[in-house]
Structures are given as C-alpha cells and as structure tokens.
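Q: Using only what follows, build the 3D model:
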Amino acid sequence: MAGVTAIKDAKTAHRGGRAIIDVHSHSSMQLYHDLIRDYETMTADQRFPDRIAFPPGLPLWTAQQALETMDRNGIRTQILSLPDVTLGLRGETARRWARRINEALAQVIARYPGRFGAFAVIPHDDIESSLREIDYALDVLKLDGIATSTNIRGTYIGDPIFDPWMAELHRRSAVLFIHPTMPTTLNKVVPPIIEFSFDTARMVMNMVLTGAKRRFSNIKVISTHGGGAIPSISHRLEIIQPLVSQGAQTTEQISEDLRSFYYDLTSCMGEVPLAAAARFVGPSKLLMGFDYPYAPEPMMGAEIDRCFAFDGFSEQQKAAIAATNALALFPRLAAAEVR
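A: Purely as a prediction, here's the structure:
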C-alpha cells in the first residue's frame, strides 16, 4: 500500500504541477525525415561510405503532439536533440544540415516559451566548422548546449582530435549532451539498444582515462541512460586502472572524474538502476529523460511513476532529480515564461 500511495502522491505533486524537466527528447521533425530521405541519394563528397543506421520506424515529431504528451505527464520542459544527424555527412552538406536543424530547433523554442530547449547539432568532419557552428548556435540562436555522440565514426569523445571544440565549450562552461551511437565493431547477437549502454561506458572511460574530463572540467557533461554500464564497472576501474597506469591516475582521481558527469535516467528508473545511481553519483547529478518520441508515452508514464515511488530518495531529492538539477544547468529555463 505504501508504494501505491507514493505513486498517487507523485502524480498529484509532479504530473499536475508540470514540474519535470526532460533533458533527453528527440525532435524527429519533418526536416529530419527529409534528411533521411535525401541520404540515400547523396554522393561521395556529401556523405561517408559507411552507411549510418537511422532509427527504424522513426516517428514523426510535432511540437503540438509533444506538448499534449508533456501536459498529460507533468513535464514542464523538454530539451530537444538530434545528436547523430551529421555523423555520416561531410563538407558543405554536414554544415548545411547542422545549420538547418539548429535554426528549426530555435524556432520551436521561440514559438513555445519555456516549454522547449535544445542542444545544437555540429558538423563532425571539420573542426573549424564545428567551432563556427558552436558560436552560431550558442551566441546567435541562444540554444542550451551542444549535442554529440559517444563516438564519431569510431573515435571516442575524449580523443585529442576533439580538443579544439572541447576547449571552446570549457571556456564557455557549456552543457554537452553525449548520446550513444553504434560502436564500429558490432556484436550481431546483442541488440543495438543494449550496445548503447556499453558504448556510453566506453565514452565515459575514454574521457576519464585520457584526462579530458579533468582538463575540460568546466564543461557540464550529460551522459545518458544512467551512464550505461559505468555504475557496475566503476569500482573495478578505480582499483585496477591505477595499477595499470602505474600511478598516473589515482583511485581518488578516477572516482572524482566518474562522478563529475551528470547522468540522465532515461530507461533507468527501475529499482535496481535507481539504487545504483543513488549510491554511485547521488541525487545532485541525476536528471530525468524519456527518449520521447522513440519511447512511447505509456513507457514515459510508467518510468515517472517508478522514479517517484522509489524509496531511496527523499521527496526533496526527487524534486531535484525531476527539475531543480536541470534548472541549475539551464538558467534560461528558470527565468522562462511557461505557457
């Protein structure tokens, strides 16, 4: 009975109050569908030879449908992203599509004040183009951060090749949302959705072990899906890596760096992953996300109920995970009009 009461109270306090900030929502708008359509006929100077696997059965996102879903589930704001949109593109094609997507996202934000935010897309085949798009997206469009993928055609975030734009995000104290993509070597037995958890862990470890997370410590990095496999392997990494690296990184440094990420709880709001997140990083670095519209609305509602019914967080901590932590990351949203 206590669990049922907690769920009822959660719906009253949070769903009715529109208090949730969803940091993990994918705006698969018509423009994205247009890109997928055009991708098949692109030439070698427009795309890389390895085909990007776009999500199958991609739903069409519209702001109106999103708002109706948000209102039914007590979500005040969704932070929109399409982090993989330029992974397979090159040259002017990558630059043009990044700009088109970012301007479309900015239009959604302007039309619905307070209800949407967005992470900008950047071209990934050219560092100078990445830097120019970061400037435009953050200074002109006033988007809420940058989105990227765990690996860019096999090279993981944290690699020195990305240092120029990581340094710029560090200078700006920007938010960087890192979403999993497929590893270059795929186990055909393991479903892609499970591979995402492992690729997230590869990215987090790469950032920590290369020292990138510490060198660019001003960047507020959001690792999705509860950090993937990281909570489970963190202890092993902390005790063994100092031996392998012969003291180049201490257990304490590795532990600090792993816990310096923000972790969204997309698809991780069951009792076991919530307990792991609570012990691993604590409620102050946890955020809510639901993978809408790739994940259907009933899954969103069930995840909200499970999170607010979890007895490992206080009510104040649940409120922080639902919204307060995100509002601290995105001060624009704290001051925004909501209608």
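Q: so where's this structure uncertain?
A: Of all residues in the chain, those with pLDDT under 70 make up the ranges 1-18, 51-53, 55-56, 185-191, 337-339.
Q: Nearest the middle, which residue of it would you pick?
A: Nearest to the mean C-alpha position of the chain, by C-alpha atoms, centre = their mean, lies Phe177 at 4.2 Å.
Q: What distance do you get for that one to Gly114?
A: Going from Phe177 to Gly114 by C-beta to C-beta, to the nearest Å gives 19 Å. C-beta coordinates here come from the backbone N, C-alpha and C atoms, glycine included.
Q: check contacts around the residue nearest to the centre of the chain.
A: Taking C-beta atoms under 8 Å, 6 or more residues apart in numbering, we find Phe177 in contact with 23-24, 79, 81, 83, 119, 145-148, 222, 224.
Q: distance between the helix or strand hosting it and the chain's centre?
A: For Phe177, the host element (DSSP states H and E) is strand 175-179. The offset between the C-alpha centroid of strand 175-179 and the centroid of the whole chain comes to 5 Å, using C-alpha atoms, centre = their mean, to the nearest Å.
Q: And the contacts of Phe177, which is closest to Thr251?
A: Checking these against Thr251 by C-beta to C-beta gives Ile222 as the nearest, at 24.8 Å.
Q: Touching whichever strand or helix holds the closest one from outside, list them.
A: Assigned by DSSP H and E, Ile222 falls within strand 220-223. Residues outside strand 220-223 that contact it (C-beta under 8 Å, 6+ apart) are 23, 145, 173-178, 200, 203-204, 207, 213, 230, 260-264, 287, 329.
Q: so of the residues you listed, which ones are in helices?
A: With helices taken from DSSP state H, the overlap with the contacts of strand 220-223 comprises 200, 203-204, 207, 213, 230, 329.
Q: Put the buried members of those residues into a PyMOL selection.
A: A single PyMOL command suffices to select whichever of these are buried according to 16 or more other C-beta atoms under 10 Å:
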select buried, resi 200+203+204+207+213+230+329
